[in-house]
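Student: no sequence for this one, just the structure:
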């Protein structure tokens, strides 16, 4: 029987901080977190596997970094929403 590599060798408690249907969006969030010094892991939502995740993906971080990660994600989404609103108002002018 084949064994899967242990992606969490220290057995740190990981918690979900973000979920999406788009793997590219999860990768973007993962990059954002890692640029802020927070290690993260992406896993499939419904069928955990490394190749071709189906049903969405989640971003997980160590439990002690979860609040900080959620704050970073929320701030990022507020910034991107502001940019969209500003772009819409520029087009109507």
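Tutor: Arrived safely, thanks for sending. Note that the structure is predicted; figures quoted are calculated from it, not measured.
Student: So what does residue 36 look like in phi/psi?
Tutor: phi -100, psi 10 (degrees, to the nearest 10).
Student: Can you tell me, leaving aside adjacent residues, what's nearest to it?
Tutor: The spatial neighbour of residue 36 that comes closest, neighbours along the chain excluded (CB to CB, 6 or more residues apart in numbering), is residue 72 at 5.4 Å. The C-beta positions use only the backbone N, C-alpha and C, and glycine is treated the same way.
Student: Break down the protein into its strands, ranges please.
Tutor: 14-20, 40-44, 57-62 (DSSP state E).
Student: out of those strands, which comes closest to residue 27?
Tutor: Residue 27 lies closest, by CB to CB, to one member of the strands of the chain: strand 40-44, at 7.0 Å.
Student: re the thing from before, for the strands of the chain, give me TSV that also has distance to residue 32 and mean neighbour count.
Tutor: Putting the strands of the chain into TSV (distance: least, CB to CB, whole Å; neighbours: other CB atoms under 10 Å) gives the following:
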stretch	distance to residue 32	mean neighbour count
strand 14-20	10	17
strand 40-44	9	18
strand 57-62	10	22
